[in-house]
Structures are given as C-alpha cells and as structure tokens.
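1. Test case, fold it:
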Amino acid sequence: MGLILQADKISKRFGGLLALDGVELGVQEGSIHSIVGPNGSGKTTLFNVLTRFSEPTTGKVVLSGRNITGLKPSRVVSMGMARTFQNLLIFKHMTVLENVLVGRTPRLKAKLMNAFVTPGWVVDERKANEKRCEDILDFCGLLEFKDKMPTNLPYADQKRLEIARALATEPKLLLLDEPAAGTPTGEVGQLLDLILRIKEKGITVMLIEHKMDMVMSISDRISVLNFGKKIAEGTPQEIRTDPLVIEAYLGRKWLDAKN
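-> Sure thing, here's the model as predicted:
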C-alpha cells in the first residue's frame, strides 16, 4: 500500500507568527500515524490545513494522489477524509443518534426538496441510514445512549460520539485531535481498543495525542513537531530514543522511567 496523504512543504503564517514551517510528511495507507509535540508546536494547525479548515500559506496537500489544496472541507469529506476536534463539537440539542445521522449527509442521495416530497426510495434511504448509524454507535459502545441527549453523557463518551459521527461519513482517513483528552486513565484502554478496531476496518488513522504511553503503544509511525517544524519522524522505538525529541518534548525523566 502507498501513501494516502502527503503534506508537501506546508507553511502557515498568522501575521508575524509562523505556525508551520515547511512541514513535510507522508501517511501510509492502513497505518496509525501520530503527530506529537509540545503545546503550541503547530499540531492542530497542521490538522486544520490538512482538512481544509485553514489555507496553507505555502505548500500543498495531496489526498489519495489528488491535490486537495483549495478545495472546500465538505468536498474533502466526500473524498474520504474526516476528523474530530480538539475542542468538542457536538450538537447539544440533538440526540446521540441524530448527531451521528448528521455525519451521513455527504453520502445521502436525497436533497433538500425531499424534506417536502418523499418518494419511497427516500424513506428507504432514511431507514438504511438510521440502521447504519445504529451499527456505528454499537461499534463505538454507545448504542444504549442513542435516544439520550449528548450533554447527559460523560465527557469521554461525548468524545467517542464525535468519533462515531466522523465514522458515519465513511472515511478512508480519520484524523483524531486529542481523543483521550478528558478520558479517565482507566478508560484509555477502551479508547485504544476502539482506534485499533477502526484500523482493522481498513481506515487509516492520524492522531494528535499527549498521552505518550498510548501513542507509543498504538502508532506505526510518529512525527514530532516543535515550533512549527518537524524535528523527527520514525517508529515509536526510534522516537523514544531520539535526542532532539527527548530534549524538546519527552524529557530525560520520561525516558528514564521507561528504562
């Protein structure tokens, strides 16, 4: 398998601040590729550029061999790239199931006019999509909450709901921005298991995460950012022993604790 995503010399400037500085990376299809680094290193900015929520100052993004720089985020979703967000984004006044149904929008054949004119095939499509979303909720361990309001769920379950909604778009590539944030330590293993099962479904995963034990155990490859630059990339074993990464991010105490 080849590369599903390539970042080619991506730079992003906000006024006088250079948030990304010539970042290059390639994500292997079928892998889990993590992006790590200190706060403010440019990780979420990179995700925003990759998913077209932000325009790069220079460089291009290639998805499945196609240059997607300049495309709208909605178009990129329809091409098979979905994401979650660092700051939780759910529809608080919709049920859990309705939140996931929103994710089916790019795959619907029905149009706005079918809200008023509903031939039989539209009814069938609605039923099929509801069943599909229930299956996704079951996969994410949330089916029992389908009729509840998401604000009544624990924060960790709300994060999984956001993953479920992203999965409803039928992505080939899923970007997860700090999915373990707010998750109790005892429940991180369940999240790790979910991500691995997503990979088993043939979905490539990109991951931003600060829980380094999780990153090291789950990643096929890791890229490290610092001050907007990629300072290292490699396997977990290569990253944990890289002097630049230890100095900039992991710290000697972390390394000593693992030895």
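2. excluding its backbone neighbours, what's nearest K72?
-> In space, not counting the residues next to it along the chain, K72 is nearest to R52; the distance is 6.5 Å by Cβ to Cβ, 6 or more residues apart in numbering. C-beta coordinates here come from the backbone N, C-alpha and C atoms, glycine included.
3. Which of the three states applies to the one you found?
-> coil (DSSP: H, G, I helix; E, B strand; the rest coil).
4. Look up phi and psi at it.
-> When read as degrees, to the nearest 10, the backbone of R52 gives phi 70, psi 20.
5. quick one: contacts for it?
-> By Cβ atoms under 8 Å, 6 or more residues apart in numbering, the contact list for R52 reads 61, 68, 71-73, 75-76.
6. likewise D220?
-> Residues near D220 by Cβ under 8 Å, 6+ apart: 28, 31-33, 235.
7. Can you list the low-confidence ranges for the chain?
-> Scanning the chain for pLDDT under 70 picks out 1, 106-125, 250-259.
8. Break it down into its structural domains.
-> 1-80+172-259, 93-170 (automatic domain parsing).
9. Any idea how far the shortest one is from the middle of the chain?
-> Computed by Cα atoms, centre = their mean, to the nearest Å, the separation of domain 93-170 from the middle of its chain amounts to 18 Å.
10. quick one: which of the contacts of R52 sit in strands?
-> Judged by DSSP state E, the subset of the contacts of R52 located in strands is V61.
11. And the contacts of the host helix or strand of L5?
-> Using DSSP states H and E, the element containing L5 is strand 3-14. With Cβ under 8 Å, 6+ apart as the contact definition, strand 3-14 has outside contacts at 18-29, 42, 45-46, 49-50, 54, 56-64, 81, 172-173, 204, 206, 228.
12. Quickly run through the sheet partners of that strand, with directions.
-> Partners of strand 3-14 in the sheet, by DSSP bridges, are strand 17-28 (antiparallel), strand 58-63 (antiparallel).
13. quick one on the thing from earlier: dump the domains of the chain into a markdown table; add distance to Q86 as well.
-> Listed next are the domains of the chain as a markdown table, based on distance: least, Cβ to Cβ, whole Å:
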| stretch | distance to Q86 |
| --- | --- |
| domain 1-80+172-259 | 4 |
| domain 93-170 | 11 |
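14. so how many other residues sit close to V224?
-> Residues lying near V224 (other Cβ atoms under 10 Å) number 24.
15. my bad, should have said S217
-> Residues near S217, counting by other Cβ under 10 Å, number 12.
16. Now the terminal residues of stretch 54-65, how far apart.
-> With Cα to Cα, to the nearest Å applied, stretch 54-65 spans 20 Å between its terminal residues.
17. ok so, going back, of all the strands paired with strand 3-14, which one is nearest I198?
-> Counting by Cβ to Cβ, I198 lies closest to strand 17-28 out of those; the figure is 14.5 Å.
18. buried residues in the strand holding L5?
-> Within strand 3-14, the residues that qualify as buried are 3-8, 10-12, counting by 16 or more other Cβ atoms under 10 Å.
19. And for stretch 219-229?
-> By neighbour count on 16+ other Cβ under 10 Å, the buried set for stretch 219-229 is 219-226, 228.
20. what's near enough to touch F145?
-> Shown in contact with F145 (Cβ under 8 Å, 6+ apart): 96, 137, 153, 157.
21. can you pick the most crowded of those residues?
-> Greatest neighbour count in these, by other Cβ under 10 Å, goes to V96: 27 neighbours.
22. So that residue versus L89, what's the distance?
-> Look at V96 and L89: by Cβ to Cβ, to the nearest Å, they are 15 Å apart.
23. now H33
-> Counting by Cβ to Cβ, the gap from H33 to L89 is 23 Å.
24. Looking at the two, which is more packed in?
-> Set H33 next to L89 and count neighbours by other Cβ under 10 Å: H33 wins out with 22 against 11.
25. Give me the sheet partners of the helix or strand containing that one and which way each runs.
-> Element membership for H33, per DSSP H and E: strand 32-36. Strand pairing for strand 32-36, using DSSP bridges, gives strand 204-208 (parallel), strand 221-226 (parallel).
26. just checking, next helix/strand downstream of the longest one?
-> It refers to strand 221-226. Where DSSP H and E defines the elements, the next helix or strand beyond strand 221-226 is strand 229-234.
27. Thanks a lot, catch you later.
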